[in-house]
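# coords please:
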Amino acid sequence: MAEAYPNPADTMAGYEDVFHPLDAVALEQDGSISPLRAGTRKVNKRRLNKSSEDYPEPTDLALAVSEPSPDDLVIIPELLFSVQTYEYCGFTSAVAGRLWDLYQKNKDEFPEFDNSDHRNYFLSFAFAFIDEVPEPSAFQDQEWNGALQTMGFDSRTQDAIMLKEFTDLRCTESANYWAKDTVDIRLGGLEEVKRVSWERSQQADRRMQRAECEERPSVVSRIPGMAIETAKDAKQNAPGSTVLWKGLAQHRTAGLFTPGSIVQDFCAIVSNPPSDFSLSGSYYWAVDKEIAMRYIKWASNKMAIGECVLLRLEVANNLIEPLQAPVLQYPSNLWKQHIYSCRRQHVPKELRYLLSKTLLIGHIGTGTTAIANLRDWRDIDVRHTLRRKSDNGIATQYVFSGLDGLDFLIEHCSGSLAMYRSGDQEL
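The predicted structure follows:
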């Protein structure tokens, strides 16, 4: 995505602006964004990073200041890295101010124009603040709410994380994990708005250089790897193959595809430990599309702006069979022992053979912080399994483990990975 940003050697002006100055003028004129006010803009989020056919009619946002639509309008910061951005990421104004003070006092420690380092530096203060809060128990909503409040999140962000219908998904990881995840995907959505805005400006500039007098283009270049269809149209079956799914925020697919939509780096979607079945970075996929779509729906509720995508991976069965993948299912002792050990990040010798397997197939766990805190793996019960909403069956995952799993994906699956926009009708 970096190619859409200006070269630091060419210009310093406006580099941190979310909207390119020229694009901002055009967007203000058509009612997509409001004029600046106190370092923020009110924007029509449905008009910022989608194709023109997705856009509603322009809205005069100046007339909507007193009564903004919660569905179509959102307030975002002028600058990518600012005190307003900490607030946009979900923190109260008081905590955002504290984080920004720390940022300002130490900002000379990072390279001025290295965008990835700058991003990590900006997030580091928020993540350190989150890390100071003790982890609540997995199934105790009152403890979770208290922890999120202590972490400095405002009430709307707390409510988005704590949505009742996603309790089972929330408990697949810790409160610390989902707090950081929420901050990250909100910043990622803002970065995507910036990418699209700067790209629109570059397109307009090239058109001016060619002396074309048409209106500015409303459709930006397609995201690498993105299918024309939405998730609704993604086929769930393929004869002779197993179809696997993953739902995530769009910005987390950066680097996955080349500009020519060829798979470039599976490492972009690696899951790091602690996780259900591994002590190293591995690649987790759901067997059930509905599980991936529920993750997308929850993430979309937590994001202020931006999109989520659905990944569809097709793996030929004749490639899976030679791997002799162990199948770990509840209520077997093997499933209980292995998920307990991996979540505690210490696997006993008798189970370490599982860590060397290229592929593991098994039931998905939930209440994972509770699992890690149990005195004995025998205390794991049905509460610790993730269920499908459609039939209450236990959801299954395929885990391609470590470097061997990565090699398998690169060698056999690079041509069978597709990415779909989630599509509002699916949510």
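
# residue closest to the middle of this protein?
Taking CA atoms, centre = their mean, the centroid of the chain lies closest to residue 249, which sits 3.1 Å from it.

# Next up, the contacts around that one.
185, 188, 189, 299, 303, 306, 307, 308, 309 (CB atoms under 8 Å, 6 or more residues apart in numbering). Any C-beta I mention is one placed from the backbone N, CA and C, and that applies to glycine too.

# Show only the entries of these found in helices.
Counting by DSSP state H, these place 185, 188, 189, 299 in helices.

# What is the burial count for the last one?
One way to gauge burial is a neighbour count; for residue 299, by other CB atoms under 10 Å, it gives 26.

# Show the contacting residues for it.
For residue 299, the contact set (CB under 8 Å, 6+ apart) comprises 185, 247, 248, 249, 308.

# sorry, back to before: please report how far the residue nearest to the centre of the chain lies from residue 376.
Note on residue 249: its distance to residue 376, by CB to CB, to the nearest Å, is 37 Å.

# and what of residue 298?
Look at residue 298 and residue 376: by CB to CB, they are 31 Å apart.

# Between these two, point out the one with more neighbours.
Between residue 298 and residue 376, residue 298 has the larger neighbour count (other CB under 10 Å), namely 21 against 8.

# Relative to residue 285, how far out is the closest residue to that one other than its chain neighbours?
The spatially closest residue to residue 298, leaving aside those adjacent along the chain, is residue 166, at 4.3 Å (CB to CB, 6 or more residues apart in numbering). Separation of residue 166 from residue 285 (CB to CB): 19 Å.

# More neighbours: the two, which one.
Per other CB under 10 Å, whichever of residue 166 and residue 285 has more neighbours is residue 285, with 23 against 20.

# Quick check: the more buried one is in a strand.
Yes - under DSSP: H, G, I helix; E, B strand; the rest coil, residue 285 sits within a strand.

# got the contact list for it?
244, 245, 246, 313, 397, 398, 399, 400 are the contacts of residue 285 under CB under 8 Å, 6+ apart.

# again with residue 395
Residue 395 makes contact with 286, 287, 288, 291, 363, 364, 385, 386, 387, 388, according to CB under 8 Å, 6+ apart.

# switch to 10 Å and redo it
Residue 395 makes contact with 168, 286-288, 290-291, 294, 363-366, 385-389, according to CB atoms under 10 Å, 6 or more residues apart in numbering.

# Same check on residue 378?
Going by CB under 10 Å, 6+ apart, residue 378 touches 333, 336, 337, 340.

# Please, a ChimeraX command that selects the buried ones among those residues?
Remark: buried members of the contacts of residue 378, expressed as a ChimeraX selection using 16 or more other CB atoms under 10 Å:
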select :336,337,340
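
# export the contacts of residue 378 to CSV and tack on pLDDT and distance to residue 181?
Shown next, in CSV, are those (pLDDT from 0 to 100; distance: CB to CB, whole Å):
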residue, pLDDT, distance to residue 181
333, 99, 32
336, 99, 26
337, 99, 28
340, 98, 23
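
# tell me which of the contacts of residue 378 is nearest to residue 21?
Checking the contacts of residue 378 against residue 21 by CB to CB gives residue 340 as the nearest, at 54.9 Å.

# List the contacts of the nearest residue to the closest one once chain neighbours are set aside.
Among residues not flanking residue 340 along the chain, residue 377 sits closest, at 3.8 Å (CB to CB, 6+ apart). Residues near residue 377 by CB under 10 Å, 6+ apart: 333, 335, 336, 337, 338, 339, 340, 341, 343, 344, 371.

# quick one: residue 377 and residue 135, what's the gap?
Plainly put, residue 377 is 20 Å away from residue 135 if you go by CB to CB.

# cool, residue 88 as well?
Between residue 88 and residue 135 the computed distance is 26 Å (CB to CB).

# more crowded one of those two?
Between residue 88 and residue 135, counting by other CB under 10 Å, residue 88 is the more crowded of the two (23 against 16).

# Just among the ones in helices among the contacts of residue 249, which is most surrounded?
Each of these was scored for neighbours by other CB under 10 Å, and residue 189 scores highest at 28 neighbours.

# Enumerate every residue touching it.
Residue 189 makes contact with 45, 48-49, 74, 76, 88-89, 249-251, 299, 302-308 under the criterion CB under 10 Å, 6+ apart.

# switch the cut-off to 6 Å
Contacts for residue 189 (CB atoms under 6 Å, 6 or more residues apart in numbering) come out as 303, 305, 306.

# Unless I'm misreading it, the second one sits right up against residue 44, doesn't it?
Spelled out, it's residue 305. No - applying CB atoms under 6 Å, one finds residue 305 not in contact with residue 44, separated by 10.2 Å.

# of the two, who's got more company?
The residue with more neighbours, out of residue 305 and residue 44, is residue 44; 24 against 19, by other CB under 10 Å.

# do you know how far residue 37 is from residue 45?
17 Å.

# who has more neighbours, those two?
Neighbour totals were compared for residue 37 and residue 45, and residue 45 leads with 21 against 11 (other CB under 10 Å).

# Does that one touch residue 74 like I think?
Yes - with contact defined as CB under 6 Å, residue 45 counts as touching residue 74 (4.9 Å).

# what touches both of the two?
Residues touching both residue 45 and residue 74 (CB under 6 Å, 6+ apart): residue 305.

# Show me the domain layout of this protein.
Domain assignment for the chain by automatic domain parsing gives 2-192, 226-426.

# Count residues in the vicinity of residue 83, would you?
Residue 83: 20 neighbours (other CB under 10 Å).

# again with residue 173
Residues lying near residue 173 (other CB under 10 Å) number 17.

# measure the nearest residue in space to it that is not next to it in sequence to residue 384 for me?
Among residues not flanking residue 173 along the chain, residue 368 sits closest, at 6.3 Å (CB to CB, 6+ apart). Distance of residue 368 to residue 384, given as CB to CB: 8 Å.

# ok so, going back, pLDDT at the residue nearest to residue 298, what is it?
With respect to pLDDT, residue 166 scores 98.

# for it, helix, strand, or coil?
The three-state label given to residue 166 by three-state DSSP is helix.

# same thing with residue 279?
Using three-state DSSP, the structure places residue 279 in coil.

# doesn't residue 273 make contact with it?
Yes - with contact defined as CB under 6 Å, residue 279 and residue 273 form a contacting pair (5.4 Å).

# Settle it for me: which of these two has more neighbours?
The neighbour count for residue 279 versus residue 273, taken as other CB under 10 Å, is higher for residue 279 (17 against 14).
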